[in-house]
Structure formats: structure tokens, C-alpha cells
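> coordinates only, sequence not included:
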């Protein structure tokens, strides 16, 4: 079964097989990161802080798609585990930033390495032509995602 998707005036076919494959791959790679025993939400927040640096709580909540009270609870748990800390926002004395600690950054790197290993195992099972296609297609899709997430 196929669903037709319009993109900038041209019709492209996106199959159920494609979305299913993306969902399976994301789930497999995400579940491969087990260090620290973090929930998916906690792992996502730690990864964001590891990649992008300190954020305000409100920014974290918005970017992770959760309420501010839920983010406050999550950050409190991560802080209790020594993975993040709250610091004063130098640009606004009333504001508080959340940043990953050294332990949090190390756990972020460990979990990222686990995900990379899992993805590498999948790629190693592909033919040379399939590996080449993945090498081109996935970064292109990542750029499209990044473009959509960039604030205007």
C-alpha cells in the first residue's frame, strides 16, 4: 500500500514499507543504548544537552514536546543522578540553564557509541550498493529534518 505525498509541487510515493523500515530502525538503534538505564525521555534530554549545550527548562520542554512541569521533574531526576546541573543564566539573572555534567556527557557519549555500533551492525549486513544508497539517503533526510527544525 502506498500513500502519495506532495513535495514542492512534485508527487512522490512514500510506501508503508519505507515508514515501517524507518520506525523499525529507529526503535532498534534507540533500544540498543542501555548504559545508565535511562528512559527514552531522559536519554533524549541528555543527548540534546550533550549535542547542543545548556538550555533553559522552557526551551527543553518545548523542544522535547513535554509540559514544563514534566520537564522539571525529569531534570530533577537527572540532577539527582548527577547527570545534569542547573546554573544561573549569565544573560538573564532570573533565568536558569540546565547543562550536562561531566558524568552526563560521558553517559551521552557511551549511549551514542552503543547506537553507532548497532547501526554499524545493520549497515554491515547490506550489499555494497545498499551501503552506498544509505550513505547518500540518510544524511539527505537528516538535512531535510534539520531544515524543518530551524527556527525562522
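Sure thing, it's come through. Predicted model, so just to flag it, every value in this text is computed and none were measured.
> need the phi and psi values for residue 83.
The phi/psi pair for residue 83 (degrees, to the nearest 10) reads phi -100, psi -20.
> neighbours around it, how many?
Residue 83: 25 surrounding residues under other C-beta atoms under 10 Å. Just so you know, the C-beta spots here come from the backbone N, C-alpha and C atoms, and that holds for glycine as well.
> now it: closest residue in space that isn't a chain neighbour?
With C-beta to C-beta, 6 or more residues apart in numbering as the criterion, residue 83 has its nearest non-adjacent residue at 3.6 Å, and that residue is residue 104.
> quick one: contacts for the one you found?
46, 49-50, 78, 82-84 (C-beta atoms under 8 Å, 6 or more residues apart in numbering).
> now, the residues you listed that are in helices?
46, 49-50, 78 (DSSP state H).
> pull up the pairing partners for the lengthiest strand in the chain, direction included.
The longest strand of the chain (DSSP state E) is strand 92-100. Looking at strand 92-100 with DSSP bridges, its partner strands are strand 55-56 (antiparallel), strand 84-89 (antiparallel).
> now do the first one: distance to the chain's middle.
When you say that, I think you mean strand 55-56. Centroid separation between strand 55-56 and its chain, computed with C-alpha atoms, centre = their mean, to the nearest Å, is 16 Å.
> not counting sequence-adjacent ones, nearest residue to the spatially most central residue of the chain?
By C-alpha atoms, centre = their mean, the mean C-alpha position of the chain lies nearest to residue 44, the distance being 5.4 Å. Leaving aside its chain neighbours, residue 44 sits nearest to residue 64 (6.0 Å; criterion: C-beta to C-beta, 6+ apart).
> test my guess that that neighbour contacts residue 45.
Yes - contact criterion C-beta atoms under 8 Å: residue 64 and residue 45 qualify, at 6.2 Å.
> shared neighbours, these two?
Jointly contacting residue 64 and residue 45 under the rule C-beta under 8 Å, 6+ apart are residue 71.
> who has more neighbours, these two?
The residue with more neighbours, out of residue 64 and residue 45, is residue 45; 27 against 16, by other C-beta under 10 Å.
> can you give me the pLDDT of the more buried one?
At residue 45, the model reports a pLDDT of 96.
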